[in-house]
Every structure is written in C-alpha cells, then in structure tokens.
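Engineer: build me a structure from this.
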Amino acid sequence: FPAVLWPSLVEKAYAKTCTVRQNDGQDTGGWQALGGGGRVEEALADLTGGVGGCFSTRDVAPDRLFIYFNELQRDCLFVCRPHVGNCIKKGVSLSLYASYAINRAAVHECACYVQVFCSAHPRSGSGGLPDLGAPDELLRRFPEKGAAGFFWFNIYDFHFYFEMIYECRLTNSPDVGIVGMPPPRLPLAIVPSPTPHGQAAPAWRDKQPVFSEWIFANAGTVSEHSPPEFRVALPQFPCEVVAVVEQTDPRIMQTGSTRREHTPILLKVYQEIERDIYSVDLVCKSNWMPARSSMVAFKSSKGGVYKIIAEFPKSGARCDRLIFRCYASWPSVTVGAGVSLKSHMLSRPDGPPFATKWTFVGCVDPTKMVRTDEPEPADEDIDEIRRQLARAPDCSVM
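Structural biologist: Numbering: from 1, shown residues only. Okay, the predicted model is just below:
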C-alpha cells in the first residue's frame, strides 16, 4: 500500500466477516479481533474455502518434499517460513516477516527446483540466494521473472533454509494450474475433449471444484465423553480424501485484546477390515495442537471403508459447536457422521492396506515430542519472534 491496493481491501473484508453487530451496541470482533497473532493455515482456509494444515521440513526428506510439491501444485497453496537458525549460521538474510509462497516445482536435467515468490523487495526477500545461480534454461522456460519477486531454489537449499510449510488444499476451487505445471491428476479437473460432433465440454466444467463435498455440523457441546466419529466408504477405484474438523472462530465473539484458546483435537483414520473391526495400522493422523482445524488426507487405491475418529485431551477439554467437512476426488462416496459410544476392535490385517497418507501434516517425529499422549504446544507466534530478534545483537535475519 498504496502501490498495491487489493491486500488492504481483503483485510477490511476479513475484519467485517469477524464482526457481529448487536442491537444493544455491544459489538464483538472487528478490527481488534485481527490482532493478537493467528495461524497462516487458518487465514488461507478462510480466504479460499479450502482445508489447511502445517508441517516442518525437518520431518521430511528433501527428495520426498519435492515430489509432494510437484504432485500437489495444481490444487494446493504452499506458504513457507524461513529457518532462523540456518539463515543466521550461513549469513543469509531471508526476511522472516515477508510472505513466501511456492509458485511451482520443476525438474531440470535430473535436478529438482522450487520457484518461490516473495512479497518483499526482490533482493531483500531472496536473501541473495538467486546469486547461487539457477540454470539459464530453467529461467527461460517459465514466464515468472526475478524482478517481480520470483526466484528459484534447488530443493536441498530450500529444505535447508525454510523450516515450516503451511498448506491449503483448494477443495472448493476449480483447477487453478498455471502454464508449465504437470497435467491434472484429479478426475473432476480433467475437462472432457470435444465430442465427435464438435460439441465443446459444458462451460460449468471449467468452474466446478475439483473435489466433491460433504458437511456435518454439531450445534451442541462436544467433549471427550461424546467425541464424534465419521465413516467414509469409497468406490473400488483410486480416490483421494481430505477431511477436516473445525471449531468456531473465537474472533467473532472477541470483546477485548485477547481471545480464548482452541481445544486440541486429534483426528485418526483407520481402515475397516471386517464389520466394526479395524486395522491396527493407522492410515494417517492430524496434528494435535490448540488450533482451530485438524486435517487429514489419504489416498485409496482399492476403495474400502474408513473410520475417522476425533480424540480430545483427558483434561475435561470441550468445545461448543463443531463442523466436519469431507472432500473426495469422486462424487460416488458415502460419508456418515455419529457419536463414538464404544471402543472399536482393532486387528492385524491379512494383506497390505488399501490407503496411504496423502499429506505431511501430522507426520511429526515422535522423538521430537515431549509426550506422544498429550497435545503439542502451538508454534511460536511471529510477533513474538520479531520481538526476540529485535533484542538479539548482530542478527542477519531481517
């Protein structure tokens, strides 16, 4: 601002959505509710209607991280945060307070590269890393230029200099792939070719979301004594599923400078091997931290029935109202919701699992956790990091 106006308009619209006007004049939310920090993945989900989560690059090998970016780049947003310690160690001045987003992933001469966009000045935002040199052929191959804030990382440099990845699956958006990306992998994103009679594909196919959606809501109080569970039955062919449990946003009812903390909710996914008997091998799980959303994603190769259960801390934690959203890459999926009234029986399966996890969210190395049976603390707020670095002498991270 004032060179770029649209972010200010989005900020004002976001403040209005967090405002409740009362007849007695006791309004809640508003501009004050936008302060006090927040989570990147929640803001991305609010702006896109998608499903957000986060993970650390320390829990993923660089080559697997590149495959992940390359596969999901058409239907997922990735925002990244620099690794403060590694930047200071190498004297790289990546701006901790600028916004970094992954624009695309590409392979060139058997090497893996990630193109990052930074909203700050191209030189200050890139920290001088483009001087390491990306191949000229790679720079000419794609339209984005360094003067506009785009620069390339070798995947190993990216893995070293960036620590946190915030992802948002664009489950409520049509295919948003740009020129040069791999072809769509989701069936609803593939626009049919013209018919033999020359009739083009319907116009609505260009605007429909790439996932089918199911939504359930609980208007009451949810706790460890009445946890929800969900049943997802998939057709007998490959299918991707993204699911999220969301609590209400406390910003809307905020009246002061602080707001209540979210209840940590852990989602786990199990495959059904017989009626009401589930595999002891976990398909995937979500992060377990005091955040508004808990997401899971998995991909099935042979269909099957899956149970998604929600776990609460054993400390009397509860939340008022809960929303469950489930998205599948095929419409012929059955989704049901209920209350978990009994324990489920687990058993060893006879064969390999039908599904595998399809996100790095929730893939935390257990050796890095203080306790595996308790929620993790939320990652440090960016405003607090700013205050700490301001007190640190000779800090090379701008």
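Engineer: so, low pLDDT: which residues of the stretch 151-300 of the chain?
Structural biologist: Confidence mapping of the stretch 151-300 of the chain against pLDDT under 70 gives the ranges 191-206.
Engineer: residues contacting Glu71?
Structural biologist: Counting by CB atoms under 8 Å, 6 or more residues apart in numbering, Glu71 makes contact with 182, 185. C-beta: built from backbone N, CA, C; applies to glycine.
Engineer: need the pLDDT of it.
Structural biologist: With respect to pLDDT, Glu71 scores 95.
Engineer: in a helix, it, correct?
Structural biologist: Yes. Assessed with DSSP: H, G, I helix; E, B strand; the rest coil, Glu71 lies in a helix.
Engineer: can you show me the strands along the stretch 51-200 of the chain?
Structural biologist: Remark: strands assigned in the stretch 51-200 of the chain by DSSP state E, counting those that start in this stretch are 51-56, 76-82, 100-108, 111-118, 150-154, 162-169.
Engineer: quick one: the fourth one to strand 100-108, angle?
Structural biologist: Using axes from the mean of the first three to the mean of the last three CA atoms, to 10 degrees, the direction of strand 111-118 lies 160 degrees away from that of strand 100-108.
Engineer: relative to Gly220, which of the strands of the stretch 51-200 of the chain is closest?
Structural biologist: Checking these against Gly220 by CB to CB gives strand 51-56 as the closest, at 23.5 Å.
Engineer: that closest one: partners in the sheet, and parallel or antiparallel?
Structural biologist: If you go by DSSP bridges, strand 51-56 pairs up with strand 162-169 (antiparallel).
Engineer: tell me what the helix or strand immediately after the strand it pairs with in the chain is packed against?
Structural biologist: Using DSSP states H and E, the helix or strand that directly follows strand 162-169 along the chain is strand 212-223. Contact here means 3 or more CB pairs under 8 Å, 6 or more residues apart in numbering; DSSP states H and E; on that basis strand 212-223 packs against strand 228-234, strand 318-328, strand 334-339.
Engineer: what helices or strands is the second one leaning on?
Structural biologist: Under the contact criterion of 3+ CB pairs under 8 Å, 6+ apart, strand 318-328 touches strand 212-223, strand 228-234, strand 239-247, strand 334-339.
Engineer: looking at those strands, which is buried most?
Structural biologist: The highest mean neighbour count among these, using mean count of other CB atoms under 10 Å, belongs to strand 239-247: a mean of 24.
Engineer: quick one: list the elements packing against it.
Structural biologist: Under the contact definition 3+ CB pairs under 8 Å, 6+ apart, strand 239-247 sits against strand 51-56, strand 228-234, strand 266-274, strand 293-300, strand 304-311, strand 318-328.
Engineer: so Ile190 sits right up against Pro184, yeah?
Structural biologist: Yes. Using CB atoms under 8 Å, Ile190 is in contact with Pro184, at 5.2 Å.
Engineer: may I see the helices and strands packed on strand 239-247 arranged in JSON lines, with distance to Ile252 as well?
Structural biologist: Converted to JSON lines, the helices and strands packed on strand 239-247 look like this (distance: least, CB to CB, whole Å):
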{"stretch": "strand 51-56", "distance to Ile252": "18"}
{"stretch": "strand 228-234", "distance to Ile252": "22"}
{"stretch": "strand 266-274", "distance to Ile252": "24"}
{"stretch": "strand 293-300", "distance to Ile252": "16"}
{"stretch": "strand 304-311", "distance to Ile252": "22"}
{"stretch": "strand 318-328", "distance to Ile252": "11"}
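Engineer: nearest to Asn154, of the ones you listed?
Structural biologist: With CB to CB, the closest approach to Asn154 among the helices and strands packed on strand 239-247 belongs to strand 51-56: 19.4 Å.
Engineer: for that closest one, buried residues please.
Structural biologist: By neighbour count with 16 or more other CB atoms under 10 Å, strand 51-56 contains the buried residues 51-56.
Engineer: out of the helices and strands packed on strand 239-247, which is closest to Ile88?
Structural biologist: strand 51-56 (17.9 Å).
Engineer: report the angle between the closest one and strand 239-247.
Structural biologist: On the basis of the same axes, to 10 degrees, strand 51-56 is oriented at 90 degrees to strand 239-247.
Engineer: mind listing residues that contact strand 51-56?
Structural biologist: Contacts for strand 51-56 (CB under 8 Å, 6+ apart): 39-42, 44-45, 163-169, 171, 242-244, 286-287, 293, 295, 297, 325, 327, 359-364, 379.
Engineer: same thing but 6 Å
Structural biologist: Applying CB atoms under 6 Å, 6 or more residues apart in numbering, the external contacts of strand 51-56 come out as 41, 44-45, 164-169, 171, 242, 244, 295, 360-361.
Engineer: now the two most distant members of the residues you listed.
Structural biologist: The largest separation in the contacts of strand 51-56, counting by CB to CB, is between Met164 and Thr171 at 21.6 Å.
Engineer: more crowded one of those two?
Structural biologist: Thr171 (26 against 16; other CB atoms under 10 Å).
Engineer: OK, contacts around that one?
Structural biologist: 50-51, 211, 242, 327.
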